Structures are given as structure tokens and as C-alpha cells.
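Trainee: Here is a sequence with its predicted model. Questions after.
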Amino acid sequence: MKTKDLAKLRTLSVEELQAHEAELKAELFNLRFQQATGQLSNPMRLRECKRDIARVKTILNERAAAAN
């Protein structure tokens, strides 16, 4: 994820971030399914997807900590 993409994530609301996290988790599930069946064309996408989920969770946790 590029810096501009990270800046774009930080501008999203909490609800939008949660929706984005759900989309990423669904994508990760599909990627794992493809890997198990031997149809995964880009194995690095698994790693990228996991890291994107972690980035979204980090932003959500930062906002939760700032609210308290």
C-alpha cells in the first residue's frame, strides 16, 4: 500500500473502515480458498491482504484510543 493510499484510509470514517476491513477479510478468505485448491496465481497477494487488514485495524485502534 502506498503512502497516498494510507492517507486515503485515514480520511475514511469508522463505519467505512469497518466495511473496508470486512471486504478485505472476505478477499483473504477467497485467496486462502484459491491457495488450498491450487488456483492462486499471485501468492504475494495473501501477504498484502493480511497487511492491509492490519493497517485498517491499526487506524481503528488509534481512533478508539483517541476517543477515550
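Mentor: Good, I have the coordinates. Numbering: from 1, shown residues only.
Trainee: For A36, give its distance to N30.
Mentor: 11 Å (C-beta to C-beta, to the nearest Å). All C-beta spots, glycine's among them, are computed from the backbone N, C-alpha and C.
Trainee: of these two, who's got more company?
Mentor: Set side by side, A36 and N30 show more neighbours around N30, with 12 against 9, by other C-beta atoms under 10 Å.
Trainee: Now name the helix or strand holding the more buried one.
Mentor: Taking DSSP states H and E as the definition, one finds N30 inside helix 14-37.
Trainee: From the centroid of the chain, which residue is nearest?
Mentor: Nearest to the geometric centre of the chain sits I53, at 2.7 Å (C-alpha atoms, centre = their mean).
Trainee: Check the gap between that one and N68 for me.
Mentor: Going from I53 to N68 by C-beta to C-beta gives 23 Å.
Trainee: quick one on the thing from earlier: for the residue nearest to the centre of the chain, list the residues it contacts.
Mentor: E21, L24, K25, L28 (C-beta atoms under 8 Å, 6 or more residues apart in numbering).
Trainee: which intervals of this protein have sub-threshold pLDDT?
Mentor: 1 (pLDDT under 70).
Trainee: related to what we said a few turns ago, name the member of the contacts of I53 with the most neighbours.
Mentor: When the contacts of I53 are compared by neighbour count (other C-beta under 10 Å), L24 ends up highest, at 20 neighbours.
Trainee: which other helices and strands contact the helix holding N30?
Mentor: helix 44-67 (3 or more C-beta pairs under 8 Å, 6 or more residues apart in numbering; DSSP states H and E).
Trainee: ok and the helix it packs on relative to helix 14-37, angle-wise?
Mentor: Calculated by axes from the mean of the first three to the mean of the last three C-alpha atoms, to 10 degrees, helix 44-67 forms an angle of 150 degrees with helix 14-37.
Trainee: Please point out which parts of helix 44-67 sit buried.
Mentor: For helix 44-67, the neighbour count (16 or more other C-beta atoms under 10 Å) marks L46, C49, D52, I53, R55, V56, I59 as buried.
Trainee: any chance of the residues you listed in a markdown table, plus distance to K4?
Mentor: Shown next, in a markdown table, are the buried residues of helix 44-67 (distance: C-beta to C-beta, whole Å):
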| residue | distance to K4 |
| --- | --- |
| L46 | 23 |
| C49 | 19 |
| D52 | 14 |
| I53 | 19 |
| R55 | 13 |
| V56 | 16 |
| I59 | 15 |
